[in-house]
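J.: Provided below for reference: sequence and predicted model.
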Amino acid sequence: MKYKIWLKQPASHWVEGFPVGNGRLGAMVFGGVKKERLLLNHEWLWRGKGRDRTVESKAKYLPKIRELFFAGKVLEAGNLANEKLGGLGGVLRRQGIKNRVDPYQPAGYLIIDFNDWGEVTEYRRELDLRDGVVQVFCADSKGRSIRRNVIAHATLPVIVVHLKANKGAKFSATVSLTRQEDPECTLDFWRKDHMFGFSGEFVEGVQFSVEARATVVGGQIVPKSERAKDGIYLQRVSEALIILTIATSNESTYPKDTTRIQLEEVNFDWETLLDSHVSTHRSYFDRVSLDLGPGHDELPTDERLASLKAGEQDEALLALYFQYGRYLMIASSRPGGLPANLQGIWNADLNPPWECDFHHDINLQMNYWLAEPCNLPECAEPLFDHIERFVPHGRVAARLLYGCRGVYFPIQTDPWGRATPEARGWDVWTGAAAWLAQHLWWHYEYSGDKNFLRRRAYPFMKEVAAFYETYLVRDPKGRLVTVPSQSPENFFVGGTKPVSLCVGATMDFELIHDVLTHAIKSSEILGVDEDLRVKWTQILREIPPFQIGRFGQLQEWLEDYEEGEVGHRHLSHLFAVFPGEQITPDDTPELARAARVSLERRLEAGGCRRGWSAAWVVCLWARLREAERAYEHLKLLVSESSACNLLDVLDASSKLFQIDGNFGGTAAITEMLLQSHAGIIRILPALPSAWKEGHFQGLRARGGYELSVVWKNGKPKNIKVQSHLGGICRLAFVGANNCRVYCGNRPVQINIEKDNRISFETTAGQVYVIKA
């Protein structure tokens, strides 16, 4: 029960289904009683491949735009910048303005219609996170029961459905494939013996194929039946196995041939498929375990959520939520594929919210905050591939739009590697590439992989640095500033709307500090580009310092503008607290206090209470070491932003699903338990009083460390540190001054650096036990 989400009723909407996925294929299992539905997705089924999207030459307008900004004509300058540098499309197609970002598409549905099922006498559906299996159990008034299992096989490109009746019972069912009507997509259905499927083609030429095959025990398959016009009929069978796959012309020249070949290579034996799937899935999932205290595993998940919202404690539910984020990452992001989009890999809509795109101003980055510390580094590979896919066109865009070297990445995009601004009024922002560069640096920090640093991380940092070398200009006060600039998606009184453009939003300088600091460190590690280090160091000296405003807050903009929406959902100017590390309670206490004021103002104005925004709040409170505030907002995130299946929803009534809230929530719990920025590993840095006892195993820290911790009465009692790279390990935790460190049976000499901080030398491959 520990790793299971379970419910007593089927899904009424696809967002309430249980997700399975293997990175390439995804399915959402509804668990219907008389009619089972599986929503089907393929990560590469996007509209618009090959459609021309060119970047126009606009850099000639930049001097005039900057002249107006420096003259204090903020509104006029912002309007001109939006007109000349902004995109041509709207943010949402449903607003009536066609978005130039292409939408992610559903492949269709697998339908299993149990023709002769009686009245339901018993029902349960569950998702086993550890095994990666959805199971639906249903019994009827005729004394029959069926157990349905669904997996997205961890190593094979297939979705597998297994149906089995209780001993001696038989069932009949119609099995078919379908897709919602779409005037821009033609479908061609076919069936032959135990095989059936359809091919699809969009008007712009993108093609795809969905194919399924079935085997049965104790009955027969009737391929041509009035009951199954576009599928097959399972007649009085005791067991059935249905395996399907999907291919698209975006990653396969002949999709229909691909699906046929993929199914021909599968061994149609359920136990063999299940064993191999579970073994591989657990090799990811079992790397980390977490116990935060007791809960109510015996209750269905929706009842647990209701109790949590009513103020009841259920620490096991929070631990389940943590592991759900890891499960969703395993299911939606695997090496060789695309990164998880706004909904991971699951989508039922032809025109999904925000096109299910890749948003570069928080959402895509938040998706991957958990990957390194939660021991799923392979799952970040698609993000790195995504970054590199955009570099060639990003160079063109930087030159034509801004007259700069290096790369420019848009604020929102699809998978086609086109760095064109897409959302008019929102997309005059140059920080996307710098923010994404952070993840490449993190991978090096956690792994110590110098080859990765040399081949992938540092070259991209240099591209971003080159952009800022040529984009930064001096304002009338002689400071190096970004202009035009924005604090993503926010506005101030007197500025343009929906987003106010300006001279020097705070986040720009935080991003510049982040990427240039990491580029400098990288060049030192690799022993290259000393001349660039000098240049980058000088830039860091000349960009403006942080500003503290009239309320004692960390200013969001270089000027202390009046905020247009105090409770705005974005927290961009607090990037330096998290996910950055420029502001810390120890090293910059005055700025940390100002950041706290900014956060309090957002929350007091009613902002940041849902989804990804709430998850970011928890991360920030954890970094500020406000354990009780972090816990308060974690419970708010889980109880108020979760559907009955724990998927993150921005609005429960509209079922608006965004996966970043789940991923961000897992990252936030991690930050409460373990932090490793600023050169020191902090153990239980934001542990709330509700988590008096517990343990975690397998979390990763920067420097190549893996930690397991047992704590009692809010203090660590036993700590295990596995060193993968060797070097000096620096730890901070309550009781560190009186601890003892062992490697095997051998005591290890420690240095007490200050209260509750120690350091000791480690050897690669060794495990160190700290007893406090």
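T.: Yep, that arrived.
J.: which stretches of the stretch 551-700 of the chain form strands?
T.: 674-675, 681-683, 694-701 (DSSP state E, counting those that start in this stretch).
J.: who does the next helix or strand along the chain from the longest one touch, helix- and strand-wise?
T.: This points to strand 694-701. Downstream of strand 694-701, the first helix or strand assigned by DSSP states H and E is strand 705-712. Judged by 3 or more Cβ pairs under 8 Å, 6 or more residues apart in numbering; DSSP states H and E, strand 705-712 is in contact with strand 681-683, strand 694-701, strand 715-723. C-beta coordinates here come from the backbone N, C-alpha and C atoms, glycine included.
J.: change it to 6 Å
T.: strand 694-701, strand 715-723 (3 or more Cβ pairs under 6 Å, 6 or more residues apart in numbering; DSSP states H and E).
J.: how far does stretch 673-682 sit from the chain's center?
T.: 22 Å (Cα atoms, centre = their mean, to the nearest Å).
J.: coming back round to it: indicate which one of the helices and strands packed on strand 705-712 is closest to Val734.
T.: strand 715-723 (4.9 Å; Cβ to Cβ).
J.: pull out the buried residues from the closest one.
T.: 716, 719, 721-723 (16 or more other Cβ atoms under 10 Å).
J.: ok, back up a step: need the helices and strands packed on strand 705-712 in JSON lines (columns: mean pLDDT and distance to Tyr104).
T.: Putting the helices and strands packed on strand 705-712 into JSON lines (pLDDT from 0 to 100; distance: least, Cβ to Cβ, whole Å) gives the following:
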{"stretch": "strand 694-701", "mean pLDDT": "99", "distance to Tyr104": "31"}
{"stretch": "strand 715-723", "mean pLDDT": "98", "distance to Tyr104": "39"}
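J.: turn those into JSON lines, including distance to Leu85.
T.: Formatted as JSON lines, the helices and strands packed on strand 705-712 follow (distance: least, Cβ to Cβ, whole Å):
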{"stretch": "strand 694-701", "distance to Leu85": "40"}
{"stretch": "strand 715-723", "distance to Leu85": "49"}
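J.: what segments of the stretch 551-700 of the chain are helices?
T.: For the stretch 551-700 of the chain, applying DSSP state H, counting those that start in this stretch gives helices covering 589-604, 611-623, 627-640, 660-673.
J.: out of the ones you listed, nearest to Ile232?
T.: helix 660-673 (36.1 Å).
J.: could you give the average pLDDT over that closest one?
T.: In this model, helix 660-673 has a mean pLDDT of 99.
J.: what about Phe208, helix or strand, and which?
T.: strand 207-217.
J.: partners of that strand, with directions?
T.: According to DSSP bridges, strand 207-217 forms sheet pairs with strand 195-202 (antiparallel), strand 239-248 (antiparallel).
J.: contacts for stretch 764-772?
T.: With Cβ atoms under 6 Å, 6 or more residues apart in numbering as the test, stretch 764-772 has contacts from 716-717, 719-723, 725-726, 735, 739-743.
J.: can we see that at 8 Å?
T.: Outside stretch 764-772, the residues that touch it by Cβ atoms under 8 Å, 6 or more residues apart in numbering are 704, 715-726, 729, 731, 733-736, 738-743, 748, 760, 762.
J.: quick one, which of the helices and strands packed on strand 705-712 is nearest to Trp429?
T.: Closest among the helices and strands packed on strand 705-712, using Cβ to Cβ: strand 694-701, at 31.4 Å.
J.: what's the closest one packed up against?
T.: strand 289-291, helix 660-673, strand 674-675, strand 705-712.
J.: so which bits of the helix or strand following the first one are buried?
T.: Which is strand 289-291. Note on strand 289-291: by DSSP H and E, the next helix or strand toward the C-terminus is helix 301-309. By neighbour count with 16+ other Cβ under 10 Å, helix 301-309 contains the buried residues 301-302, 304-305, 307-308.
J.: so which of those residues is the closest to Asp449?
T.: Thr301 (38.6 Å).
J.: now that closest one: closest residue in space that isn't a chain neighbour?
T.: Excluding the flanking residues, the one nearest Thr301 by Cβ to Cβ, 6 or more residues apart in numbering is Ile5, at 4.9 Å.
J.: quick one: average pLDDT of the helix or strand where that neighbour lies?
T.: Assigned by DSSP H and E, Ile5 belongs to strand 4-7. Strand 4-7 shows a mean pLDDT of 98.
J.: which residues are in contact with the helix or strand just after it?
T.: Per DSSP H and E, the first helix or strand lying C-terminal to strand 4-7 is strand 18-21. Applying Cβ under 8 Å, 6+ apart, the external contacts of strand 18-21 come out as 5, 11, 26-29, 31, 41, 125-127, 132-134, 150-152, 159, 328, 331-332, 344-346, 645, 647.
J.: in strand 18-21, which residues are buried?
T.: 18-21.
J.: which pair in those spans the largest distance?
T.: The widest separation within the buried residues of strand 18-21 (Cβ to Cβ) is 10.9 Å, between Phe18 and Gly21.
J.: tell me how this protein divides into domains.
T.: Domain segmentation of the chain under automatic domain parsing yields 4-46+104-286, 59-99+318-675, 683-771.
J.: ok, Ala380 - contacts?
T.: 333, 368, 371-372, 439, 443.
J.: so it lies in a helix, does it not?
T.: Yes: under DSSP: H, G, I helix; E, B strand; the rest coil, Ala380 sits within a helix.
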